[in-house]
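>>> sequence and predicted structure below; questions after.
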Number of protein chains: 2
Amino acid sequence: MPQTDDHSDDRGRPTVEDTVLGDLIGYRLKRAYMQIQPEAQRVLAEDDLRVVSFSCLSIIADNTGIVQSELADALQMERSNLVVIIDELEQRGLITRKKVPTDRRRYALTATLRGRRLRDRAAEKVRTAEDQIIGRLDDKDRAHLMAVLQRLEDKAR
Amino acid sequence: MPQTDDHSDDRGRPTVEDTVLGDLIGYRLKRAYMQIQPEAQRVLAEDDLRVVSFSCLSIIADNTGIVQSELADALQMERSNLVVIIDELEQRGLITRKKVPTDRRRYALTATLRGRRLRDRAAEKVRTAEDQIIGRLDDKDRAHLMAVLQRLEDKAR
DNA sequence: GGATAATAGTTATAGTCAATAACTATTAAT
DNA sequence: ATTAATAGTTATTGACTATAACTATTATCC
């Protein structure tokens, strides 16, 4: 009987039971995310971007004139934590900030040409990295996954 | 033309474009997780558990005699960060720690009856909370989601 | 029209969490 | 028997998130 109680198989791979935990959506989501995130972080770091600054840049690129509050809403983060990120993107010449004439409290954010190009390139790299990790989870499953995740997100609100 | 450029619809709902970002698996996973996590945290807090301590307790309950290194491996966390969590679970009488006679470096972890009961109850509550959030995403989609996430996780290694 | 509320952006700060290094005790490898 | 590696522990650090407090500006409502 080769099955011992040391919780590992013959290849040293853990065989830890997690049926209860593993049946929770939150657990599976987090673990799946933990596979992807470090790689995304790595490729983005090559362009001196963090995941969060890439996300900001990407939303700004697709929503010319968006203001910080709206951006914070969209990314579900605190306005206050956005400030330094926006500062850096502006200093690097990836976005511009200009006062909204009709409401001088607000700043309209716009991606520069450099910003848009960097976004496009970075997005492509992240997408490629993801594809390598998931071993080209076939297109149908990928599409279904994305649709279900999107719905899950929508339902939650 | 009611469509303005303020990135919100008539109900104040944001209509921010995120096609590039939204097509990344990592982004969708994170956002889906962010819907679930706070609720899981909330129901677990009712039993003075954090997500991570619940996860530990659950794995221990299903793997009698597991040692800390194996647990850290299973949950993909650092051994060092486990220590305080294990300490607390032991102090609360939810698990026991006893030296492994054949290897005195290791401690065998076992859930007590109280520990197992708490785990079962807490898992049930988390599961219920998840179901409420996802609005009973139908069983077929749920099963498919879990299967794909599991595969995604496996492929990544 | 003027007092009061709310909103946008900012700053500073505190709490949480994960990662790292260094250490002791014990076992495995050569 | 010496050297390596492993298990658990402690302390510390850096990153990230949340919160409160503040200024400037706009919206609300008597």
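Great, that's in hand.
>>> where does pLDDT dip in chain A?
A:1-14, A:136, A:157 (pLDDT under 70).
>>> what parts of it come near DNA strand D?
Residues of chain A found near DNA strand D (C-beta under 7 Å from any atom of the strand) are A:50, A:52, A:77-78, A:80-81, A:102-105. Where C-beta positions appear, they are placed from N, C-alpha and C, glycine not excepted.
>>> narrow those residues to those in strands?
Under the assignment DSSP state E, these contribute A:103-105 to strands.
>>> so which of those residues is the most crowded?
Highest neighbour count within those, by other C-beta atoms under 10 Å in any protein chain shown: A:Asp103, with 10 neighbours.
>>> what sits against it?
If you count contacts by C-beta atoms under 8 Å, 6 or more residues apart in numbering or on different chains, A:Asp103 has none.
>>> any idea how far A:Lys140 lies from B:His144?
Distance of A:Lys140 to B:His144, given as C-beta to C-beta, to the nearest Å: 11 Å.
>>> looking at those two, which is more packed in?
The neighbour count for A:Lys140 versus B:His144, taken as other C-beta under 10 Å, is higher for B:His144 (16 against 8).
>>> which ones are touching the more buried one?
A:144, A:148.
>>> repeat for A:Ala123
A:Ala123 neighbours (C-beta under 8 Å, 6+ apart): A:54, A:58, B:20-21, B:24.
>>> for the helix or strand where it lies, which positions count as buried?
Using DSSP states H and E, A:Ala123 sits in helix A:113-133. The neighbour-count check on helix A:113-133 (16 or more other C-beta atoms under 10 Å in any protein chain shown) flags A:115-116, A:118-119, A:122-123, A:125-127, A:129-130, A:133 as buried.
>>> likewise for stretch A:29-43?
A:29-33, A:35-36, A:39-41, A:43.
>>> which one of those is nearest B:Lys155?
Of all the buried residues of stretch A:29-43, A:Gln35 has the smallest distance to B:Lys155: 8.3 Å, by C-beta to C-beta.
>>> what sits against the residue positioned nearest the centre of chain A?
Taking C-alpha atoms, centre = their mean as the criterion, A:Val51 is the residue nearest the geometric centre of chain A, at 5.9 Å. By C-beta under 8 Å, 6+ apart, A:Val51 lies in contact with A:37, A:40-41, A:44, B:26.
>>> kindly recompute the last result at 7 Å.
Going by C-beta atoms under 7 Å, 6 or more residues apart in numbering or on different chains, A:Val51 touches A:40-41, A:44.
>>> can you narrow those residues to ones near chain B?
Of the residues in the contacts of A:Val51, proximity to chain B by C-beta under 7 Å from any C-beta of the partner chain holds for A:Ala40.
>>> got the CA positions of whatever helix or strand A:Pro38 lives in in CSV?
Taking DSSP H and E as the criterion, A:Pro38 maps to helix A:25-45. C-alpha atoms of helix A:25-45 as CSV (Å, rounded to 0.1, in the frame of the first residue of the first chain):
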residue,chain,number,x,y,z
ILE,A,25,-15.9,29.9,-5.5
GLY,A,26,-13.8,32.5,-3.6
TYR,A,27,-11.1,30.0,-3.0
ARG,A,28,-10.9,28.9,-6.6
LEU,A,29,-11.0,32.5,-7.9
LYS,A,30,-8.2,33.5,-5.6
ARG,A,31,-6.0,30.6,-6.5
ALA,A,32,-6.5,31.0,-10.2
TYR,A,33,-5.7,34.7,-9.9
MET,A,34,-2.6,33.9,-8.0
GLN,A,35,-1.3,31.9,-11.0
ILE,A,36,-1.8,34.8,-13.4
GLN,A,37,-0.9,37.8,-11.3
PRO,A,38,2.8,37.3,-10.8
GLU,A,39,3.4,36.8,-14.5
ALA,A,40,1.3,39.9,-15.4
GLN,A,41,3.3,41.8,-12.8
ARG,A,42,6.6,40.6,-14.3
VAL,A,43,5.9,41.6,-17.9
LEU,A,44,4.4,45.0,-16.9
ALA,A,45,7.5,45.7,-14.8
